[in-house]
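S.K.: Sequence plus the predicted model coming up.
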There are 4 protein chains.
Amino acid sequence: MPGTPPTRYVYLGPEGTFAEQALRTIPAAERGQRTPARSVGEALDAVRSGDADAALVPLENSIGGGVGVTLDEMVAGAPLVITREVVLPVEFVLATRHGVARADIRSVAAHPQASTQCRGWLRDNLPDAVVVDVLSNAAAARSAATGEHDAAICAPIGASQQRLSVLADKIADHGDAVTRFALVSRPGTPPPATGDDRTSLAVYIAHDRVGALLAVLMELAVRGVNLTRIESRPTGEALGRYAFFLDCTGHVADDRMGEALRGLRRVSAEVRFLGSYPRHRWTDSESDGPVPAPPGQSDVDYTDAAAWLDRIRRG
Amino acid sequence: MPGTPPTRYVYLGPEGTFAEQALRTIPAAERGQRTPARSVGEALDAVRSGDADAALVPLENSIGGGVGVTLDEMVAGAPLVITREVVLPVEFVLATRHGVARADIRSVAAHPQASTQCRGWLRDNLPDAVVVDVLSNAAAARSAATGEHDAAICAPIGASQQRLSVLADKIADHGDAVTRFALVSRPGTPPPATGDDRTSLAVYIAHDRVGALLAVLMELAVRGVNLTRIESRPTGEALGRYAFFLDCTGHVADDRMGEALRGLRRVSAEVRFLGSYPRHRWTDSESDGPVPAPPGQSDVDYTDAAAWLDRIRRG
Amino acid sequence: MPGTPPTRYVYLGPEGTFAEQALRTIPAAERGQRTPARSVGEALDAVRSGDADAALVPLENSIGGGVGVTLDEMVAGAPLVITREVVLPVEFVLATRHGVARADIRSVAAHPQASTQCRGWLRDNLPDAVVVDVLSNAAAARSAATGEHDAAICAPIGASQQRLSVLADKIADHGDAVTRFALVSRPGTPPPATGDDRTSLAVYIAHDRVGALLAVLMELAVRGVNLTRIESRPTGEALGRYAFFLDCTGHVADDRMGEALRGLRRVSAEVRFLGSYPRHRWTDSESDGPVPAPPGQSDVDYTDAAAWLDRIRRG
Amino acid sequence: MPGTPPTRYVYLGPEGTFAEQALRTIPAAERGQRTPARSVGEALDAVRSGDADAALVPLENSIGGGVGVTLDEMVAGAPLVITREVVLPVEFVLATRHGVARADIRSVAAHPQASTQCRGWLRDNLPDAVVVDVLSNAAAARSAATGEHDAAICAPIGASQQRLSVLADKIADHGDAVTRFALVSRPGTPPPATGDDRTSLAVYIAHDRVGALLAVLMELAVRGVNLTRIESRPTGEALGRYAFFLDCTGHVADDRMGEALRGLRRVSAEVRFLGSYPRHRWTDSESDGPVPAPPGQSDVDYTDAAAWLDRIRRG
């Protein structure tokens, strides 16, 4: 895998959605081949089968709702790993064919979750328009382009691909919402540690007790590994078996992450490594900088402690 | 609220989906008025405004993908509480107009997440049929009824409402999948404790550190309160503020839950109480019985400890 | 008990030791009746039987070695509580009859633990003198006064009572060593909270596992109660039953201490309350000031959280 | 050290005390040279200087009160390690010269802590006898042998060395009390793991907060290392620096103990390794058998987890 960057990309389609927009922020993908997939499962299976080198799928807070699906599909078949994350601001626009004025708008095509996120804006600005559900943001843009509906709520990329006019931009009620996407490949040597990395895991425990989850979090806490996301999901395989999807700061090559992973391996029913990859830097603000290792948790500290133990064991 | 059971119900529509099927398992709702809503937000707002007495919305592992949305909408406006949960097996059927045989099926209408859950079955049984995305399970049933498509993947209720034939039932790849729904009302006296209850909470912490989450879980653990679900979500309100949605065993009227809640109130930025309600008993198997209070955590133990402290303080 | 300050005091004798010196720092004891006891057990039993109102006994880091004995004796019979602590610098002096010069000293009488603490000084300053064990610091002073030995290592009070000359003071190898004494009474209303108090406890657990001790410490930690001392002791009563003696910051009248105590009562085999009393202020340095309640753990926070829970429970 | 068993032993004297009795339970010491020391510090310094190969000193629950002293002396100078523990029942006897009957006894010589432990027996059986303090159990036996006093409370070995008659044995009020002794040497390769070992540690932390102690215990707990004793002691070196003396189950050669030690090394100000040695088996009862590694904490589990991590890191 390293040495040969992927050239054949698949993404959660259709064309003109946020996933395509996110994929095109990756230079190699901009130069490579990009194919939409009908579902997250189809996208990941294309990578598993070798039909694609990498898949771009939504991971968190997605507009398309695919989060849970992505996690389930990641662990449902042959191993896959995340090699890169892309964080994209969720910027909805109201788009129309050229010449359509806001006063003319009687119907607005929108994916249900897009209209939900713009509910306040619609109530204040288009109180009389009918919102019509369509299957995707791209389908909304198409229906505005064909004139089936007067306007569309869609991604900027959808508006430009359908050559629509943008009557209003950033119309989502929460201005700073983002969607996080993952670029997923078959297992290989992880990308090198950058000092500002994230590691994703699926940890299975036999019971859903607070004690079992505490045991998992302790393994992270004692090595100073921070958690940036957690989500429990019942597994379909067996009643009473739970999976926790965790995002942590750090890289599998770090000593402290390595020891934490070995600990999780020992105390849980199963750990699935879902990748170590550079954290997306989407602002330059101080609050978003790399999180340094806590006191006693740097690689130097691990090396020192191992040397000390060796001396003791030798006597 | 107590004394007057709700009579006007709203549910996540359209008609003919799992949400309607779940609502009709509640006797009072079967007798009352039932109105579909276009979205979870619309359903909850109908309750907030007083247009409806209660809303039935998906809470977990939903087919319609509404989970995250439901949580976000629950905390996005005036307080609401869950008063009841309904757990429904996810049973997809393949339905056609009368007289259509399996060999005749060229196109299958399905919501994308429904076809995803039946992917294995479709590959094995209808390898040559085209799957066409539609907006809901109910829309799939309608398109089979009108002949737009040869067959539909839908809920049993959708098939019967559209008078379709069921060619195959239980076609989901994971046979024991369920969807959990919540019946949501305006705040009032919680339903009485039954000894087998659940309490739902949203806990906000200022930072996403493992230490902050550990502190929250400790408050539960030291009172013997078990966790059955956890999900972290970044809040739209402010960067770096995280919400954890928790489901716990126990009732707000229990002494140990009360002390745990007071503890969470003290250590977190905010706690939102989302209801205490009887746990849905969907099997009679032993593994699903009520979880007794751990040693030292019964109401009797709390009463004894309080009396002991009073004696010490008096001297 | 309150209203009538104790007038009959007993202390770990004999006369002329640090315990008497510590007792005399208490104004009421300086005015009252002071009787030496042969042992810690005898002193405490005098209080239990009503023959004395209060006993002054060593609690920590004691010269006389009585620490463990004091703890054991505190819990071995009818309940007793600490109402006051006195911290005394351990200042050993080398004392002789008038006219004896350092060069004349051939033999030095000392309690074994006193000579141990001055070992470095003796090696450097009296390398050729023979150190003779005696039963107490007071006995050492007496043997120098009678001429049985040339010099004594003793407490300043012992030297002055025996009218000895102090040839060298502060001869202990660790200059900042202190002994902590407790004034012990029969149970009564604890002294009022001062904002800078300590609470002593004996907690019994059924097993010596790290998990059991962690459970005890968690009960303190979640209420922000700090630990200033811990000591485990096997109990004579039953094999495999362990007692932990804990000193914590805070007062039994504080809300957070009250909740922590109730928690300990529930999770442990037994808790014995050994008193809440003002912390001895022995320096005015900032590092020794009162420890404020951590965020969320003040009485105001507890009152607020209780009111919040009441509102939730009422609906 | 291994290969040449120690031949020159020193023990906490004087002759005829429990320490000598404990030392003689070790076959090599029974054959070797045994020298009493005046104090624990003197005994340990003899080992440090090379004048002796090993020292037998009391470690826990000692009659001679030396516990705290032993811990302090162990860490006060050049490193020393425990290579063996000896647990001895504390069996006090009442001994007299031949021909002295119980009715003749007017005075009983006893070390203060010995008479304390036999207080109940003395009250019931010799209510009119005067108890006279002497400096050691051996001194008590000698004073009965010389006729200075009518009887002695002493160790069985003291009675036999002074050829006294035992009028009553097992007269301690707690029949199952024991003293634990340590055989201490200069650092060397630890004795091989037996599967039932103990490891002693001194851990220094910068502050006495419950959080700091919890952090230490977590390092043990996550590796399944059990604690059998804990004692905090303020250090003389610097105000606000605390030492915790810990006894844990397991051997430094065990993977889990090794990882726990490396963790303690990283999170604490200092760790002092005080030895890994076979646990004394003093009964054959089931409750006293070796404690197996908890699930996931055996050496096999550590090897498996390390191999798994290597595979992940290689990709």
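M.R.: Received the coordinates, thanks.
S.K.: how close does the residue nearest to the spatial centre of chain A sit to chain D?
M.R.: Compute the mean C-alpha point of chain A, and by Cα atoms, centre = their mean the closest residue is residue A:59, 2.5 Å away. When Cβ to the nearest Cβ, to the nearest Å is the yardstick, residue A:59 and chain D sit 20 Å from each other. No exception for glycine: its C-beta is placed from N, CA and C like everyone else's.
S.K.: need the contact list for that residue.
M.R.: Listed by Cβ atoms under 8 Å, 6 or more residues apart in numbering or on different chains, the contact set of residue A:59 reads A:67, A:70, A:71, A:82, A:85, A:180, A:181, A:182.
S.K.: Which pLDDT value goes with residue A:117?
M.R.: Predicted confidence (pLDDT) for residue A:117: 83.
S.K.: how many neighbours does the residue nearest to it when sequence neighbours are not counted have?
M.R.: Sequence neighbours aside, residue A:172 is the residue nearest to residue A:117 in space, at 4.9 Å (criterion: Cβ to Cβ, 6 or more residues apart in numbering or on different chains). For residue A:172, the number of neighbouring residues by other Cβ atoms under 10 Å in any protein chain shown comes to 23.
S.K.: Which of the three states applies to residue A:172?
M.R.: Assigned by DSSP: H, G, I helix; E, B strand; the rest coil, the conformation of residue A:172 is coil.
S.K.: That one contacts residue A:118, correct?
M.R.: Yes: with contact defined as Cβ atoms under 8 Å, residue A:172 reaches residue A:118; the gap is 5.7 Å.
S.K.: which neighbours do these two share?
M.R.: Residues touching both residue A:172 and residue A:118 (Cβ under 8 Å, 6+ apart) are residue A:92.
S.K.: circling back to that earlier point, can you pick the most crowded of the contacts of residue A:59?
M.R.: Within these, neighbour counts (other Cβ under 10 Å) peak at residue A:181, which reaches 31 neighbours.
S.K.: Give me the helices and strands touching the helix or strand harbouring that one, please.
M.R.: Following DSSP states H and E, one finds residue A:181 within strand A:178-185. Contacts of strand A:178-185 with other secondary structure elements, assessed using 3 or more Cβ pairs under 8 Å, 6 or more residues apart in numbering or on different chains; DSSP states H and E, are made with helix A:18-23, helix A:40-49, strand A:54-60, strand A:81-89.
S.K.: Alongside chain D, which residues does the stretch 201-315 of chain A contribute?
M.R.: Proximity of the stretch 201-315 of chain A to chain D (Cβ under 8 Å from any Cβ of the partner chain) is limited to residues A:215, A:218-219, A:221-222, A:252-253, A:258-259, A:261-263, A:265-267, A:273, A:296-297, A:301-302, A:304-306, A:308-309, A:312-315.
S.K.: The helix or strand encompassing residue A:276: which residues count as buried?
M.R.: Taking DSSP H and E as the criterion, residue A:276 maps to strand A:270-278. Going by neighbour count (16 or more other Cβ atoms under 10 Å in any protein chain shown), the buried part of strand A:270-278 is A:271, A:272, A:273, A:274, A:275, A:276, A:277, A:278.
S.K.: Paired strands for that strand, with orientation please.
M.R.: Its sheet considered, strand A:270-278 pairs with strand A:197-205 (antiparallel) by DSSP bridges.
S.K.: quick check: angle from the partner strand to strand A:81-89?
M.R.: Relative orientation of strand A:197-205 with respect to strand A:81-89: 110 degrees, computed using axes from the mean of the first three to the mean of the last three Cα atoms, to 10 degrees.
S.K.: now strand A:197-205: mean pLDDT?
M.R.: On average, strand A:197-205 scores 93.
S.K.: what do you get for stretch A:80-95?
M.R.: Rounded mean pLDDT across stretch A:80-95 is 92.
S.K.: before we move on, back to that, list buried residues within the residues of the stretch 201-315 of chain A next to chain D.
M.R.: Using 16+ other Cβ under 10 Å as the burial test, those include A:215, A:218-219, A:221-222, A:252-253, A:258-259, A:261-263, A:265-267, A:273, A:296-297, A:301-302, A:305, A:308-309, A:312-313 as buried.
S.K.: taking the residues you listed one by one, which sit in strands?
M.R.: Filtering those for membership in strands, criterion DSSP state E, returns residue A:273.
S.K.: and residue A:169, bridged to which residues?
M.R.: Where residue A:169 sits in a bridge, its partners, by DSSP bridges, are residue A:93.
S.K.: Test my guess that it contacts residue A:93.
M.R.: Yes: under the criterion of Cβ under 8 Å, residue A:169 makes contact with residue A:93 at 4.6 Å.
S.K.: Neighbour count: these two, which is higher?
M.R.: Neighbours around residue A:169 and residue A:93, counted as other Cβ under 10 Å, are more numerous at residue A:93. The numbers are 26 against 13.
S.K.: That one contacts residue A:154, correct?
M.R.: Yes: assessed by Cβ under 8 Å, residue A:93 is found in contact with residue A:154 at 6.4 Å.
S.K.: contacting residues around residue A:247?
M.R.: The neighbourhood of residue A:247, defined by Cβ under 8 Å, 6+ apart, consists of A:198, A:199, A:200, A:201, A:227, A:228, A:229, A:230.
S.K.: how about the nearest residue to it, chain neighbours excluded?
M.R.: residue A:229 (4.0 Å).
S.K.: and the one you found, how many residues sit next to it?
M.R.: Counted with other Cβ under 10 Å, residues neighbouring residue A:229 total 20.
S.K.: so how far is chain D from it?
M.R.: As judged by Cβ to the nearest Cβ, residue A:229 and chain D stand 20 Å apart.
S.K.: separation between that residue and residue B:70?
M.R.: As defined by Cβ to Cβ, to the nearest Å, residue A:229 lies at a distance of 19 Å from residue B:70.
S.K.: how about the helices in the stretch 201-315 of chain A?
M.R.: Secondary structure of the stretch 201-315 of chain A (DSSP state H, counting those that start in this stretch): helices at A:210-221, A:255-267, A:299-314.
S.K.: which non-adjacent residue is nearest residue A:81?
M.R.: Residue A:81 sits nearest to residue A:275 (Cβ to Cβ, 6+ apart), 3.8 Å away.
S.K.: now swap in residue A:10 and tell me
M.R.: residue A:52 (4.1 Å).
S.K.: could you list every residue that touches the nearest residue to residue A:163 once chain neighbours are set aside?
M.R.: When the adjacent residues along the chain are set aside, residue A:163 lies closest to residue A:145, with 7.1 Å between them (Cβ to Cβ, 6+ apart). With contacts defined as Cβ under 8 Å, 6+ apart, residue A:145 is in contact with A:97, A:162, A:163, A:164.
S.K.: Dump the residues you listed into CSV; add distance to residue B:89 as well.
M.R.: What follows is the contacts of residue A:145, written out as CSV (distance: Cβ to Cβ, whole Å):
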residue, distance to residue B:89
A:97, 46
A:162, 41
A:163, 47
A:164, 43
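S.K.: Cheers, nothing more for now.
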